[in-house]
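Novice: got a predicted structure plus its sequence, pasted below:
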Amino acid sequence: MLIQFARNYEILGDTSKQFARVKEAYDLLAGLVAEKPDDKTYQRDLSVAHDEVGDVLVARGNLTEALEAYRDSLAISERLAKADPGNAGWQYDLGISHERIGDVLVERDKEKFIERLTKRGEVCKAKMPRVVARSE
């Protein structure tokens with residue numbers, strides 16, 4: 001329920017309150033998992049809480065911390081999916097974890113990628129007159 005409240009704050013654009021509700025949910029679920037480590041429902045819910053933390057951090061531009069939260073979610077999702085390979089829901093959660101990590105890595109490294117492409121483009125552009133001269 002706290003996660004749903006957090007999602008409502010996201011709609012309103014209030015990341016401070018969104019993060020506060022997500023953190024409450026995370027703390028509660030982490031406590032439940034500590035009390036009942038074999039309860040897979042609590043583990044799955046904790047994984048979702050990690051994802052929600054990551055989502056808020058991405059919205060705030062804290063990509064490094066978001067990546068950490070998503071990786072924590074991934075670790076739980078991997079354990080659950082490995083424990084029950086036939087559970088389509090847990091396999092789906094595993095895919096979502098990989099997708100979120102990939103999105104953050106792309107966003108984080110986008111500037112480096114653009115810079116590399118620009119440099120390659122400049123090198124190609126510099127070589128063009130020589131290529132054209134040879135073909136004439």
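Specialist: Looks like it came in fine. Residues are numbered from 1 along each chain as shown.
Novice: now the spatially most central residue of the chain: which helix or strand?
Specialist: Centroid check for the chain by C-alpha atoms, centre = their mean gives residue 100 as the closest residue, at 3.2 Å. Residue 100 belongs to helix 88-135 when assigned by DSSP states H and E.
Novice: helices or strands next to that helix in the packing?
Specialist: Judged by 3 or more C-beta pairs under 8 Å, 6 or more residues apart in numbering; DSSP states H and E, helix 88-135 is in contact with helix 40-59, helix 63-83. Where you see a C-beta, it was placed from the backbone N, CA and C, and this is true even at glycine.
Novice: pLDDT below threshold where in the chain?
Specialist: For the chain, the stretches with pLDDT under 70 are 1, 5, 123-136.
Novice: now with 90, please.
Specialist: For the chain, the stretches with pLDDT under 90 are 1-22, 106-136.
Novice: what count of nearby residues applies to residue 101?
Specialist: By the criterion of other C-beta atoms under 10 Å, residue 101 has 17 neighbours.
Novice: I meant residue 39, not that one.
Specialist: Neighbours around residue 39, by other C-beta under 10 Å: 13.
Novice: verify the stated contact: it with residue 32.
Specialist: Yes. At 7.3 Å, residue 39 and residue 32 qualify as touching, with contact defined as C-beta atoms under 8 Å.
Novice: just the helices and strands packed on helix 88-135: most buried one?
Specialist: Of all these, helix 40-59 carries the top mean neighbour count, a mean of 21, counting by mean count of other C-beta atoms under 10 Å.
Novice: for residue 37, grab phi and psi.
Specialist: Note on residue 37: backbone dihedrals following degrees, to the nearest 10 are phi -60, psi -20.
Novice: check contacts around the spatially closest residue to residue 50 that is not a sequence neighbour.
Specialist: Closest residue to residue 50 apart from its sequence neighbours, by C-beta to C-beta, 6 or more residues apart in numbering: residue 73 at 3.6 Å. Residues in contact with residue 73 (C-beta atoms under 8 Å, 6 or more residues apart in numbering) are 47-48, 50-51, 54, 97, 100.
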